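J.: 3D model of this:
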Amino acid sequence: VQLQASGGGQVQAGGSLRLSCAASGLTFSRHSMGWFRLAPGKKREFLSSTTWSGDFTLYADSVKGRFTASRDNAKNEAYLQMDNLKPEDAAIYYCAARSGGVNKAGYEYWGQGTLVTVSS
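T.: Have a look, this model is predicted:
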C-alpha cells in the first residue's frame, strides 16, 4: 500500500493550498481517508476523516469551516482544500487510510507527508 501526499508549499497567511493524496495497493473505495498534521514540538493532530463514499466528513474544531476534505474514488485520490491559512497551520501534513468508518484514530496506512509553511 502506498499513499503519496503532495501539494504542500509556502503560502502567506490568508492564502489557500490544496493537498492531494494518491493511493495505490488498496481498495480505495472501501477505506475511510483521514488527514493529520505534525508541527514542531507538538503531537500529531487529527484534522479530518471522510467516509469511503465521501458523503460525510468529521472535522477537528481547529480547521472546521476553513478546511474541506474530499475524495475521488475513480482516481483513487483524496484531497484537503485549505483556505484562510494561519501561521499556526504550518506543519507536515499526512494522509492516512483505515478500513473502518470515520474516526480520529486507528489508521492502518500512512503517507509520507507534505510540508506546509505559512508566513505572516
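J.: just list the residues touching the spatially closest residue to V63 that is not a sequence neighbour, thanks.
T.: With sequence-adjacent residues excluded and distances taken as C-beta to C-beta, 6 or more residues apart in numbering, V63 is closest to L47, at 5.3 Å. (Glycine included, C-beta is placed from N, CA and C.) Contact analysis of L47 by C-beta atoms under 8 Å, 6 or more residues apart in numbering lists G34, W35, F36, R37, Y59, A60, S62, V63, F67, A69, L80, Y93.
J.: one more: A23?
T.: Applying C-beta under 8 Å, 6+ apart, the residues near A23 are V1, Q2, L3, Q4, H31, M33, N76, E77, A78, A97.
J.: just the buried members of these?
T.: In the contacts of A23, burial by neighbour count holds for L3, H31, M33, N76, E77, A78, A97, counting by 16 or more other C-beta atoms under 10 Å.
J.: secondary structure element for the first one?
T.: Meaning L3. Per DSSP states H and E: L3 is located in strand 2-6.
J.: give me the mean pLDDT for that strand.
T.: In this model, strand 2-6 has an average pLDDT of 97.
J.: list every C-alpha atom in it, with coordinates, as PDB.
T.: Extracted in PDB, the C-alpha atoms of strand 2-6 (Å, rounded to 0.1, in the frame of the first residue of the first chain):
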ATOM      1  CA  GLN A   2       1.200   3.500  -0.900                       C
ATOM      2  CA  LEU A   3      -0.200   6.800   0.000                       C
ATOM      3  CA  GLN A   4       1.500   9.700  -1.700                       C
ATOM      4  CA  ALA A   5       0.700  13.200  -0.300                       C
ATOM      5  CA  SER A   6       1.500  16.200  -2.400                       C
END
